[in-house]
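**Student:** turn this into a model:
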Amino acid sequence: MATDAAPADMATDAVLENVALEVLAANLASAERSRVPIGPVTASRSTLTVEEAYEIQLFNITSRLAAGASIVGRKVGLTSLAMQKQLGVDQPDYGVILDDMMVLAPATLDASTLISPRVEAEFSFRLGRNIPAAHALAGPMTLEQLRACVDRVYLSMEIIDSRITDWKITLADTIADNASSARLVIGESSVATAALFDSLPGVTLQLLCDDEVVSEGEGRAVLGDPLLGALWAVNKLGELGEDLAVGEIILAGAVHASVPLTRGSTWTVRAEGFPSVTIRTAL
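**Tutor:** Reported below is the predicted structural model:
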């Protein structure tokens, strides 16, 4: 009898492992709203591809846009070797930054609205002109071309969060979860000049908690130049037919491994020659 039942059991298992992408997206959205994490998306769909993971991400972004949110930027993640090692992945990813994810420093952040937040020091870049997806028809944008499109540079804090329990994620899991995005903290910006762009690889960003440096890294930790992180996203989105609008902010990627975001603390990102950015986390 056990032998007769085996094929049926196997078929049931196969169905369970092939949960629809829409259902997986809804599960992630529910976890974010309730602040109750779920198991890895890849545990429910073991064959999940990177392309399918981006479809899941898009389901949830489309839903939030329909509910009234707006896109204010994009993030590039996993661009540094430190972050790739920390999360066990081997390539960058991207996510969408919505208006309700933006925090203008100085500010107080209620971390209780998140699940397991971590913080990273990064550069971000504001576009001073539109970048239509059609640019990709002429081939990948070059670094010099992107320089001409950027008008402001920020020191930033990215607060990442995982809707998946204990950060047990693969590349596909974090992509599906909007690249583990939660909040983007920016303050004052610097004018983008040729000299500033040239300096970025050698600039050391420091992350401080209550005036103590807890992590740091140079701009070159992001693919050799933080603007290359932004360039990766611009070209990837161009390939997918997505326009980028003037005013959008592109978060380039962390220069160090992420640090747990503790409550009741003051967090600062600083670097010589740039306005620092500071927030306080509520108890």
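**Student:** from here on, just use CA atoms for contacts and neighbour counts.
**Tutor:** Will do.
**Student:** low-scoring stretches of this structure, by residue?
**Tutor:** 1-18, 79-91 (pLDDT under 70).
**Student:** would you list every one of the helices in it?
**Tutor:** Secondary structure of the chain by DSSP state H: the helices cover 2-16, 21-34, 41-44, 50-66, 81-87, 143-149, 171-176, 194-199, 226-239.
**Student:** ok, and what's touching stretch 130-138?
**Tutor:** The contact list for stretch 130-138, computed with C-alpha atoms under 8 Å, 6 or more residues apart in numbering, reads 141, 149, 235, 237-246.
**Student:** what subset of these is buried?
**Tutor:** When these are checked for burial by 16 or more other C-alpha atoms under 10 Å, the buried set is Met141, Cys149, Asn235, Leu237, Gly238, Glu239, Glu242, Leu244, Ala245, Val246.
**Student:** quick one on the thing from earlier: most tightly surrounded among the helices of the chain?
**Tutor:** Per-stretch averages of neighbours, counted by mean count of other C-alpha atoms under 10 Å, single out helix 171-176 among the helices of the chain, with a mean of 26.
**Student:** ok, now which ones touch Glu144?
**Tutor:** No contacts exist for Glu144 under C-alpha under 8 Å, 6+ apart.
**Student:** ugh, wrong one, I meant Glu218
**Tutor:** Pro201, Gly202, Val203, Thr204, Leu205, Val255.
**Student:** got the contact list for the third one?
**Tutor:** Contacts for Val203 were tallied using C-alpha under 8 Å, 6+ apart; they are Glu218, Gly219, Ala271, Glu272.
**Student:** repeat for the fifth one
**Tutor:** Contact analysis of Leu205 by C-alpha under 8 Å, 6+ apart lists Ala121, Glu122, Glu216, Gly217, Glu218, Gly219, Val255, Val269, Arg270, Ala271.
**Student:** hey, what's it bridged with?
**Tutor:** Gly217 (DSSP bridges).
**Student:** look up how far Pro275 lies from it.
**Tutor:** 11 Å (C-alpha to C-alpha, to the nearest Å).
**Student:** cool, and Ser190?
**Tutor:** Note on Ser190: its distance to Pro275, by C-alpha to C-alpha, is 7 Å.
**Student:** Val222 now?
**Tutor:** 20 Å.
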